[in-house]
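1. have a look; sequence and predicted model below, questions after that.
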Amino acid sequence: MVQLTTNRSVAICVDTQLAVIAGTLSAMFPSPPIAVLFPRVPQADPLSPESIVFTKELEAKLQTLPLLQKLRSMPDADEWYETSMVQTSTTSL
């Protein structure tokens with residue numbers, strides 16, 4: 001009985017290792033059908049006119065979110081400050 005349990009444990013361990021290896025390899029080297037269904041989109045140039053317009057429009061929409069407007073009008077609004085990840089000036093350091 002002990003020998004049977006040990007063999008089963010070893011089999012489960014080997015199966016788990018094979019599954020991890022197969023998953024890792026398929027993530028590193030996806031098959032062509034997956035690449036066709038989910039192509040990798042190249043990143044846009046952040047300094048292109050289209051990207052700048054998109055960023056400005058998105059920032060304007062975010063600034064007018066109802067929750068943000070509500071938070072800005074609360075009595076404790078002067079006790080916290082807002083930050084933005086969007087660079088507003090074009091000067092570089």
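-> Alright, I've got the coordinates. Numbers count the residues shown, from 1 in each chain.

2. ok, then the element right after the lowest-mean-pLDDT helix or strand in the chain?
-> Here the helix or strand of the chain ranked lowest by mean pLDDT, DSSP states H and E is helix 32-37, holding a mean of 72. Next along the chain after helix 32-37, taking DSSP states H and E as the criterion, comes helix 49-63.

3. what's the helix or strand following that following helix packed up against?
-> Proceeding N to C from helix 49-63, the next assigned helix or strand is helix 66-72, under DSSP H and E. Packing contacts for helix 66-72, counted by 3 or more CB pairs under 8 Å, 6 or more residues apart in numbering; DSSP states H and E, involve no helix or strand. All C-beta atoms are positioned from the backbone trio N, CA, C, and that covers glycine.

4. then helix 66-72 to CSV, C-alphas only?
-> The C-alpha coordinates for helix 66-72 follow below in CSV (Å, rounded to 0.1, in the frame of the first residue of the first chain):
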residue,chain,number,x,y,z
PRO,A,66,-18.7,63.1,-11.8
LEU,A,67,-16.9,61.5,-8.9
LEU,A,68,-13.9,63.8,-9.4
GLN,A,69,-16.2,66.8,-9.6
LYS,A,70,-17.9,65.7,-6.4
LEU,A,71,-14.6,65.2,-4.6
ARG,A,72,-13.3,68.6,-5.7
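
5. just give the nearest non-adjacent residue to Glu50, would you?
-> Once flanking residues are discounted, Glu50 sits nearest to Ala44: 7.0 Å by CB to CB, 6 or more residues apart in numbering.

6. contacting residues around stretch 72-83?
-> Stretch 72-83 is contacted from outside by Leu71, using CB atoms under 8 Å, 6 or more residues apart in numbering.

7. count the residues that sit near the residue nearest to Glu50.
-> 10 (other CB atoms under 10 Å).

8. over to Leu71?
-> By other CB under 10 Å, 13 other residues sit near Leu71.

9. what's the answer for Met74, then?
-> With other CB under 10 Å as criterion, Met74 counts 10.

10. what of Glu79?
-> Glu79: 7 surrounding residues under other CB under 10 Å.

11. what's the spacing between it and Ser73?
-> For Glu79, the distance to Ser73 equals 14 Å [CB to CB, to the nearest Å].
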